[in-house]
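>>> take this sequence and fold it.
(2 chains)
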Number of protein chains: 2
Amino acid sequence: MGSVVALAGQVGGAKLADGLYRLRQDRLTVVVNTGDDYEHLGLAFSPDLDTMLYTLAGMASAVAPWEPESETHAVHAMVKALGGPDRPIHGDRSLAAPLLRAQGLASERSLSQITAAFCRNLGIAARVVPMSDDRVRTYVETDEGNVTFQEYFHELSCEPAVRGFQYAGAEDARMPDALLDALHAPDLEAIVICPANPYHAIQPILQVSGMKDLLKQRRVPVVAVTPIVGGRALKGSAGKIMRELGREPSARAVAAQYLRLIDGFVLDTEDSALVESVRSLGMEVVALPTIMRTLDDRVALAHEVLDFAANIRVRREAEVE
Amino acid sequence: MGSVVALAGQVGGAKLADGLYRLRQDRLTVVVNTGDDYEHLGLAFSPDLDTMLYTLAGMASAVAPWEPESETHAVHAMVKALGGPDRPIHGDRSLAAPLLRAQGLASERSLSQITAAFCRNLGIAARVVPMSDDRVRTYVETDEGNVTFQEYFHELSCEPAVRGFQYAGAEDARMPDALLDALHAPDLEAIVICPANPYHAIQPILQVSGMKDLLKQRRVPVVAVTPIVGGRALKGSAGKIMRELGREPSARAVAAQYLRLIDGFVLDTEDSALVESVRSLGMEVVALPTIMRTLDDRVALAHEVLDFAANIRVRREAEVE
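Here you go, the predicted model:
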């Protein structure tokens, strides 16, 4: 059984990563988007990293998986009472990681080191690695100007029409050593792009200096799982953003986004009619139930995705011979 | 009805200040010890300021008045789970002020401005003023070396024998404008030293540059209320510290500590036998019930203390004539 690298962000990404984790344990490395990181009240928020940690540790809320279960809001209520900012609202437990992260960064520890320590303490055997220890910030180009993703999401409620994205700092951002090690591991079996918004969850990862080149030098299959099912994003604003960018919100459009990077694409059984159309882009395609409502769903999808990658690998090796 | 300035720290100080506040509302200025302030997890803790704010806002816990009522510990539990420090333990609500304070200080706002904003937002009409906007730190000289008061209290559990105190930074610390204004107010009627540890709650205030001289130029009576009743500190380690410093832990020893600074001293009715002995130090003395169990107790003691000061003033004016 080989090792796996997953690229992930958001709740969908965390769910599939969780399925992969149950199958691969310490042979899984998850590379997480940090383009949406932000500072608030002096704390260092990394929403996608924390969603991943809570999910892999089995402590994520079922209804709001970006925060720990049984979240309370005592700090926020008191911050408001003292005249502090009303938004964004963070639960009490959700403040602990950003608090320790801000302190760690102020003490010159890297985001990778801080995240690895969180994993150790939470008993997570997988390696969770930020896409870079350097600062990258995703900006949304809108009709009303450029804003950070957090402003777009929290303050503007995703309302302004999106014209494009910028990944400030990505050009000069370096990949963490743990990620390079994982991508060069002799037992690497597959690279999985998890279901998440292609523009502000996966693209920021791909924009990190050297990342795409390294993925293209792949000796193993790269497979992506659609975040769009039946023309709708399962979560969040991907559908709306695709329309505003002039693209049909479909699994095919997501596959096209990853063209020349991936070997295989997983779309949902609901979109089986699109299989041929996506295949014509020049990649292998499979239709699977991609909606993960339970832990069993996550494990089942992870299993199928790794099988899909293994089959691609076998076929590719047969072709070489 | 004139204005009042109170010097305070700790829980006892906050209780008497609360009594004075009920009587004088916006004509009360409370000067609070900041020598015990400390940084933890990047937050700026001011224990005596926060105890005062919670008390005057009517939100202090009855059993642990240094924190808001109904305190929870979700952040601390999560900080521990992530591998953060186990001590000191802070409740969730108790983190809000240190969080906003750290952010305010980082934005070049003064501790006075930050505290005034907290008062406004909590609906506290009195002015709560830190003894200085400059950094002063109380160090405890012990048999085991010099430690901050927070280390002595939290980490060493007040165990090492005390040899003395240092108030680092006090010499160069300036009084905030709001304090100078209050001490120069034409309607100033009395200055009250609230019941609190003389060494690490009141002395740090008195050591701020120019403070003692300004108090000695008093046009109004300065009266102090004992924190020691029947040879025991009502709260905390004052009795132990006094013994280690070679002083009898008594109301008389506290009065002696304030010699040449105060005009009147309030000891507890339990210590009525000491009245003559304290009077022989050269100050007016009155015995009153000083133990404040209820809000009524606070108001009653505040009323008696202000009456005592008024009587001193009347007698002094009669002497001048």
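
>>> which residues touch A:Ala300?
Contact partners of A:Ala300, counting by Cβ atoms under 8 Å, 6 or more residues apart in numbering or on different chains, are A:19, A:289. In short, each C-beta sits where N, CA and C put it, glycine included.

>>> quick check: it is in a strand.
No - counting by DSSP: H, G, I helix; E, B strand; the rest coil, A:Ala300 is not found in a strand; it is helix.

>>> give me the distance between it and chain B.
The gap separating A:Ala300 from chain B is 29 Å, by Cβ to the nearest Cβ, to the nearest Å.

>>> can you check the pLDDT for that residue?
Model confidence at A:Ala300, given as pLDDT, is 98.

>>> pretty sure A:Arg27 sits against A:Ser3.
Yes - using Cβ atoms under 8 Å, A:Arg27 makes contact with A:Ser3 at a distance of 4.0 Å.

>>> find the residues that touch each one of these two.
A:Asp187.

>>> any low-confidence regions in the stretch 101-250 of chain A?
A:233-236 (pLDDT under 70).

>>> just the element for the residue of it found nearest chain B, please.
Going by Cβ to the nearest Cβ, chain B is nearest to A:Asn121 of the stretch 101-250 of chain A, at 3.6 Å. Assigned by DSSP states H and E, A:Asn121 belongs to helix A:111-122.

>>> got the contact list for that helix?
Outside helix A:111-122, the residues that reach it (Cβ under 8 Å, 6+ apart) are A:34, A:46, A:49, A:53, A:56-57, A:59, A:97, A:100-101, A:104-105, A:124, A:126-130, A:132-133, A:176-178, B:81-83.

>>> mind running it again at 6 Å?
A:53, A:57, A:101, A:104, A:128-130, A:133, A:176, A:178, B:82-83 (Cβ atoms under 6 Å, 6 or more residues apart in numbering or on different chains).

>>> still on that earlier bit, could you report the neighbour count for the residue of the stretch 101-250 of chain A closest to chain B?
Applying other Cβ atoms under 10 Å in any protein chain shown, we find 16 residues neighbouring A:Asn121.

>>> where's it relative to B:Cys119, distance?
According to Cβ to Cβ, to the nearest Å, A:Asn121 stands 39 Å off from B:Cys119.

>>> state the distance from the closest residue in space to A:Gly123 that isn't next to it in sequence to A:Val320.
Nearest residue to A:Gly123, sequence neighbours excluded (Cβ to Cβ, 6 or more residues apart in numbering or on different chains): A:Ala57, at 6.8 Å. Distance, A:Ala57 to A:Val320, using Cβ to Cβ: 41 Å.

>>> so for the two, which sits in the more crowded spot?
Neighbour totals were compared for A:Ala57 and A:Val320, and A:Ala57 leads with 18 against 6 (other Cβ under 10 Å).

>>> so where does the nearest residue to A:Leu288 once chain neighbours are set aside fall, helix or strand?
Spatially, and ignoring its direct neighbours in sequence, A:Leu288 is nearest to A:Glu304 (5.0 Å; Cβ to Cβ, 6+ apart). For A:Glu304, the element it lies in under DSSP H and E is helix A:295-320.

>>> next, count neighbours for A:Arg87.
The number of residues packed near A:Arg87 is 10, by other Cβ under 10 Å.

>>> what's the answer for A:Ser209, then?
Neighbours of A:Ser209 under the rule other Cβ under 10 Å: 17.

>>> list the contacts for it?
By Cβ under 6 Å, 6+ apart, the contact set of A:Ser209 is A:171, A:173.

>>> again, but for A:Leu183
Counting by Cβ under 6 Å, 6+ apart, A:Leu183 makes contact with A:Leu214.

>>> do you know how far it is from A:Ala173?
For A:Leu183, the distance to A:Ala173 - Cβ to Cβ - is 16 Å.

>>> got it, and A:Gln207?
8 Å.

>>> pop out the phi and psi values for the residue nearest to A:Gly123.
The phi and psi torsions at A:Ala57 (degrees, to the nearest 10) take the values phi -80, psi 0.

>>> show me which residues of chain A sit near chain B.
Residues of chain A lying close to chain B by Cβ under 6 Å from any Cβ of the partner chain are A:41-42, A:72, A:74-75, A:78-79, A:82-84, A:92-93, A:95-97, A:99-100, A:102-103, A:117-118, A:121.

>>> so the helix or strand harbouring A:Ala6 versus helix A:295-320, what angle?
Element membership for A:Ala6 (DSSP H and E) is strand A:3-8. For strand A:3-8 against helix A:295-320, the angle by axes from the mean of the first three to the mean of the last three Cα atoms, to 10 degrees is 120 degrees.

>>> circling back: pull out the buried residues from the helix holding A:Asn121.
For helix A:111-122, the neighbour count (16 or more other Cβ atoms under 10 Å in any protein chain shown) marks A:111-112, A:114-119, A:121-122 as buried.

>>> for A:Asn146, state which of the residues you listed is nearest.
Using Cβ to Cβ, A:Leu111 is the member of the buried residues of helix A:111-122 that sits closest to A:Asn146, with 24.1 Å.

>>> and the helix or strand harbouring A:Val285, how far from the chain's centre?
Using DSSP H and E, the element containing A:Val285 is strand A:284-288. Remark: strand A:284-288 is offset 20 Å from the chain centroid, using Cα atoms, centre = their mean, to the nearest Å.

>>> contacts made by it with the rest, please.
Taking contacts as Cβ under 6 Å, 6+ apart, the residues outside strand A:284-288 that touch it are A:264-267, A:269, A:272, A:275, A:278-279, A:304, A:308, A:312.

>>> what angle sits between it and helix A:295-320?
Taking the same axes, to 10 degrees, one finds strand A:284-288 and helix A:295-320 inclined to each other by 160 degrees.

>>> can you pull out the strands in chain A?
Assigned by DSSP state E, the strands in chain A fall at A:3-8, A:28-32, A:38-40, A:43-45, A:127-130, A:137-142, A:145-148, A:162-168, A:188-193, A:222-225, A:228-229, A:232-233, A:264-268, A:284-288.

>>> any idea which of those is most buried?
Counting by mean count of other Cβ atoms under 10 Å in any protein chain shown, strand A:28-32 has the highest mean neighbour count of those, with a mean of 29.

>>> extract the CA atoms of that one and return them as PDB.
Output in PDB follows, covering the C-alpha atoms of strand A:28-32 (Å, rounded to 0.1, in the frame of the first residue of the first chain):
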ATOM      1  CA  LEU A  28      -1.400  10.400   3.600                       C
ATOM      2  CA  THR A  29      -0.100  14.000   3.100                       C
ATOM      3  CA  VAL A  30      -2.800  16.600   2.700                       C
ATOM      4  CA  VAL A  31      -1.700  19.900   1.100                       C
ATOM      5  CA  VAL A  32      -4.100  22.700   2.300                       C
END
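
>>> bridging residues for A:Val31?
Beta bridges link A:Val31 to A:Leu7, A:Val129, judged by DSSP bridges.

>>> stretch A:280-291: how far from the chain's middle?
Worked out by Cα atoms, centre = their mean, stretch A:280-291 lies 19 Å from the chain centre.

>>> follow-up on the earlier one: ok, the buried residues of helix A:111-122 vs B:Ala238, which is closest?
Distances from B:Ala238 to those, taken by Cβ to Cβ, are shortest for A:Asn121, at 39.7 Å.

>>> how close does the closest one get to B:Met78?
As judged by Cβ to Cβ, A:Asn121 and B:Met78 stand 11 Å apart.

>>> again with A:Ala300
31 Å.

>>> Throw the contacts of strand A:284-288 into TSV and include pLDDT, thanks.
What follows is the contacts of strand A:284-288, written out as TSV (pLDDT from 0 to 100):
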residue	pLDDT
A:Gly264	97
A:Phe265	98
A:Val266	98
A:Leu267	97
A:Thr269	97
A:Ser272	96
A:Val275	97
A:Val278	97
A:Arg279	97
A:Glu304	98
A:Phe308	98
A:Ile312	96
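
>>> nearest to A:Arg247 among those residues?
Distance ranking of those against A:Arg247, using Cβ to Cβ, places A:Val278 first at 14.2 Å.

>>> next, count neighbours for that closest one.
26.

>>> list the contacts for it?
Per Cβ under 6 Å, 6+ apart, neighbours of A:Val278: A:252, A:255, A:265, A:285.
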